[in-house]
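# heads up, no residue letters with this:
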């Protein structure tokens, strides 16, 4: 074995020794399967005790009350959304999505025309205004995809752009401190992302009742097209030329979000491949992990692999923003020493970020370097190609073999609850006969929630940060 090969094998193990892992939630074994619940059986107390507090994914049969999927069908979207502003649309890179590259700008009507005519290299994901890495509130993931401009704030790309609520925390509190005097329908729903933002709560509910104690971060639309295409390998290339390709669909890339996710497919099909936060040290993240909190939220080291990363708490809040919030909102109760310490934290963060300001743009830290095709080997028809992919996995990503995954097939009429920190790769595909006017289109809506860190269902968050910066989001 060469020194380079040794480093590839040993590197993640050495890095794992530096990671502070405190995760106490649900983990996956070889015999695990996703638990299924009927939406009519769910309320907040049951959801909290069985899934939210346990950090356990859940497949939900049925759709949240008040959301009519029929009116969100592709051929009705232009008229329903009535959105004429420019959007940022992701373009397929190396056969998949999730790459941190420049997006295309186009109006929603133009995107729909591209999808109608069969253009499959475009994907509408969450919309962000900034370039902050923590803007994963970003996607990420799917999609699921969030990084941290606001909490990771997010993925990344995922199932996952307008300014995040976290980075605007203090101004939000000032602007909306009198919201309690307004009727629900008058309250601004700034967490609804374009192009959904013109919809009223009678069409797009603000939150499902069974998760209404969690602070909403964002509501997003995911829209693309994927024709069934076999996976083509190049045996002459070290990486087989797989890039981000998967067999018979498109991939979000393997990543995790920094928010709890409720994912709702509307059109087409999704296959989620899930890994517990406990497996994070073995999943070859782009960034270097610093901490995996008890609830699964993952914090990264700010360095050349994540030059814009801002450290976060276990509820996804950026620590620097929390310091500013305390200085502004709690200064009367803070001693001079406490105020000085908060200011020092802010200055240290600013200094650290400035030291990496010249580092070129990199992939979001919460994405994995593992080619998505290695998660779909059993779907490859050729026996020879399966053997080649197994060899690539064993030689290039040996720690993956230590992980156990959950496979969840999701279709319209179902929902997936996925806690923050759970790694997921989302394979999307449409069916021609499902909508002849928009063949192979896949569409979904997702709700992102700030990850809870409290100890009871009555108090899902340890302090009042989220309720005070965005009081209209919490019940």
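Looks like it arrived, so ask away. All of these numbers come straight from a predicted model, not from anything done at the bench. Numbers count the residues shown, from 1 in each chain.

# who does residue 274 bridge with?
Here residue 274 shows beta-bridge partners residue 406, residue 424, assigned using DSSP bridges.

# count the residues that sit near residue 456.
Around residue 456 there are 8 other residues, counting by other C-beta atoms under 10 Å. C-beta here means a position set from N, CA and C on the backbone, and glycine is covered the same way.

# for the remainder of this discussion, apply numbering that starts at 39.
Renumbered: residue one is now 39, and that last one reads residue 494.

# longest single helix anywhere in this protein?
Across the chain, the longest stretch assigned as helix under DSSP state H is helix 374-393.

# any idea how far that one is from the chain center?
Relative to the chain's own centre, helix 374-393 is displaced by 29 Å; criterion: C-alpha atoms, centre = their mean, to the nearest Å.

# continuing past it, what's the next helix or strand?
Under the assignment DSSP states H and E, the closest C-terminal helix or strand after helix 374-393 is helix 421-434.

# may I see the buried residues of that next one?
By 16 or more other C-beta atoms under 10 Å, the buried positions in helix 421-434 come out as 423, 426, 427, 430, 431, 434.

# now for the nearest residue to the first one once chain neighbours are set aside: which residues touch it?
Setting aside the residues directly before and after it, residue 423 is nearest to residue 271 in space (C-beta to C-beta, 6 or more residues apart in numbering), at 5.2 Å. Applying C-beta atoms under 8 Å, 6 or more residues apart in numbering, we find residue 271 in contact with 278, 279, 280, 423, 426, 427.

# again, only this time at 7 Å
Contacts here follow C-beta atoms under 7 Å, 6 or more residues apart in numbering; on that basis residue 271 touches 278, 279, 280, 423, 426.

# for it, give its distance to residue 288.
With distances taken as C-beta to C-beta, to the nearest Å, residue 271 is found 17 Å from residue 288.

# which one of the buried residues of helix 421-434 is nearest residue 110?
Within those, the smallest distance to residue 110 is 36.2 Å, found for residue 427 (C-beta to C-beta).

# with adjacent residues omitted, what lies nearest to the closest one?
Leaving aside its chain neighbours, residue 427 sits nearest to residue 415 (4.8 Å; criterion: C-beta to C-beta, 6+ apart).

# what do you get for residue 394?
residue 345 (3.5 Å).

# for the one you found, phi and psi?
The phi and psi torsions at residue 345 (degrees, to the nearest 10) take the values phi -70, psi -20.

# looking at this structure, which residue lies furthest from center?
Checked against the mean C-alpha position of the chain, the extreme residue using C-alpha atoms, centre = their mean is residue 374, at a distance of 38.9 Å.

# can you read off the pLDDT for that one?
The predicted local confidence for residue 374 comes out at a pLDDT of 94.

# could you do the one 5 residues further on as well?
Residue-level confidence at residue 379 comes out at 96, pLDDT.

# same question, residue 328
Confidence score, pLDDT, at residue 328: 97.

# so which helix or strand takes in it?
Counting by DSSP H and E, the element that carries residue 328 is strand 327-330.

# so what secondary structure elements neighbour that strand?
With contacts taken as 3 or more C-beta pairs under 7 Å, 6 or more residues apart in numbering; DSSP states H and E, strand 327-330 sits against strand 58-59, strand 336-338.

# whatever helix or strand comes next after the last one packs against which elements?
The one in question is strand 336-338. Sequence-wise, the next helix or strand downstream of strand 336-338 (DSSP H and E) is helix 357-367. Using 3+ C-beta pairs under 7 Å, 6+ apart as the contact definition, the elements that helix 357-367 packs against are helix 207-213, helix 374-393, helix 503-507.

# just to revisit the earlier point, tell me if I am right that the residue nearest to residue 423 is in a helix.
No: the secondary structure assignment for residue 271 gives coil rather than a helix, going by DSSP: H, G, I helix; E, B strand; the rest coil.

# ok now do residue 63, which residues does it touch?
When contacts are counted by C-beta under 7 Å, 6+ apart, residue 63 is found next to 92, 93, 94, 315, 333, 334, 457.

# and the gap between the residue nearest to residue 394 and residue 254?
Residue 345 sits 29 Å away from residue 254, taking C-beta to C-beta as the criterion.

# so which of these two has more stuff around it?
Neighbour comparison, residue 345 and residue 254: the larger count goes to residue 254, with 24 against 20 (by other C-beta under 10 Å).

# bridging residues for that one?
residue 487.

# quick one on the thing from earlier: can you redo the helices and strands packed on strand 327-330 as CSV with mean pLDDT, distance to residue 293 and mean neighbour count?
Listed next are those as CSV, based on pLDDT from 0 to 100; distance: least, C-beta to C-beta, whole Å; neighbours: other C-beta atoms under 10 Å:
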stretch, mean pLDDT, distance to residue 293, mean neighbour count
strand 58-59, 94, 19, 13
strand 336-338, 98, 11, 26
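
# so which of those strands comes closest to residue 159?
Closest approach to residue 159 among the helices and strands packed on strand 327-330 is made by strand 336-338 (29.8 Å; C-beta to C-beta).

# count of neighbours near the nearest residue to residue 240 once chain neighbours are set aside?
Using C-beta to C-beta, 6+ apart and skipping the chain neighbours, the partner closest in space to residue 240 is residue 104 (7.5 Å). The number of residues packed around residue 104, counting by other C-beta under 10 Å, is 14.

# looks like residue 104 contacts residue 243 (just checking).
Yes: with contact defined as C-beta atoms under 7 Å, residue 104 counts as touching residue 243 (4.1 Å).

# quick one: pLDDT of residue 434?
The confidence metric pLDDT takes the value 96 at residue 434.

# quick revisit: worst mean pLDDT among the helices and strands packed on helix 357-367?
Per-stretch mean pLDDT for the helices and strands packed on helix 357-367 is lowest at helix 207-213 (a mean of 34).

# sorry, back to before: which one of the contacts of residue 63 sits closest to residue 324?
The closest of these to residue 324 turns out to be residue 315 (C-beta to C-beta; 16.3 Å).

# for the record, mean pLDDT for stretch 60-68?
pLDDT averaged over stretch 60-68 gives 96.

# same question for stretch 117-129.
Summarised as a single mean, pLDDT over stretch 117-129 is 94.

# give the buried residues for it.
Along stretch 117-129, the positions that meet the burial threshold by neighbour count (16+ other C-beta under 10 Å) are 118, 119, 121, 125, 126, 127, 128.

# just checking, which of those residues belong to strands?
Assignment to strands by DSSP state E places the following of the buried residues of stretch 117-129 there: 125, 126, 127, 128.

# residues contacting residue 310?
If you count contacts by C-beta under 7 Å, 6+ apart, residue 310 has them with 446, 448, 454, 462, 464.

# name the helix or strand for it, please.
Secondary-structure assignment from DSSP H and E places residue 310 in strand 307-313.

# re earlier: between the contacts of residue 271, which sits nearest residue 88?
For residue 88, the nearest member of the contacts of residue 271 is residue 280. The distance, counting by C-beta to C-beta, is 37.8 Å.

# from residue 370, how far out is the closest one?
Applying C-beta to C-beta, the value for residue 280 to residue 370 is 58 Å.

# likewise residue 267?
Residue 267 sits 62 Å away from residue 370, going by C-beta to C-beta.

# more neighbours, these two?
residue 267 (15 against 5).

# so the more buried one touches residue 288, yeah?
No: with the criterion set as C-beta under 7 Å, residue 267 and residue 288 do not qualify as a contacting pair; they are 9.1 Å apart.
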